[in-house]
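Q: No letters, just coordinates:
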């Protein structure tokens, strides 16, 4: 079984997760690479596809690649600026998952908070006025919390996710003889 980790990282957050995921994958038959418009759809039997989140989804090139995979086991991982929001993480997962063709086996997703560029905080500061002050201050507070992510706890969560994916595969293979 070959395992391929492909990731798209704009600020380094998803790359951190990708490295933790790669290290947690058992065995030596594995590879890791940044996503750069690859068109090879047979780099592995199991794919861990990483993304950064923009407006609740992944970039179009990652989505196109996902849509081109056939007969693979696919696990997703990603980062987004919004923290501590399992409902939002699930929405992101659902938005991306629809691009995975039915002949693939979907293995789940791991999404955590990631720091954002300082330009985002500056944008929030400029948006603030008397009518939206409370909402914008909450956005700035979230931004400030995100500066520490992904942290060690997030990386541990990614490693745990890999373990769960491989336990699921092992169980399936035992059941199917």
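A: Cool, the structure landed. These numbers were taken from a predicted model, which means no experiment stands behind them. Numbers count the residues shown, from 1 in each chain.
Q: Tell me which stretches of the protein form strands.
A: For the chain, the strands defined by DSSP state E occupy 3-7, 30-34, 46-52, 73-80, 105-113.
Q: Save those strands as JSON lines, and put in distance to residue 98 and mean neighbour count too.
A: C-beta here means a position set from N, CA and C on the backbone, and glycine is covered the same way. As requested, the strands of the chain are exported to JSON lines (distance: least, C-beta to C-beta, whole Å; neighbours: other C-beta atoms under 10 Å):
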{"stretch": "strand 3-7", "distance to residue 98": "19", "mean neighbour count": "24"}
{"stretch": "strand 30-34", "distance to residue 98": "24", "mean neighbour count": "15"}
{"stretch": "strand 46-52", "distance to residue 98": "14", "mean neighbour count": "25"}
{"stretch": "strand 73-80", "distance to residue 98": "12", "mean neighbour count": "24"}
{"stretch": "strand 105-113", "distance to residue 98": "11", "mean neighbour count": "20"}
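Q: Out of those strands, the one nearest residue 89 is which?
A: Of all the strands of the chain, strand 105-113 sits nearest to residue 89, with 4.2 Å by C-beta to C-beta.
Q: contacting residues around the closest one?
A: Applying C-beta atoms under 8 Å, 6 or more residues apart in numbering, the external contacts of strand 105-113 come out as 17, 46, 53, 72-84, 89, 92-93, 96-97, 100, 145-146, 149-150, 154, 157-158, 161, 164-165, 168-169.
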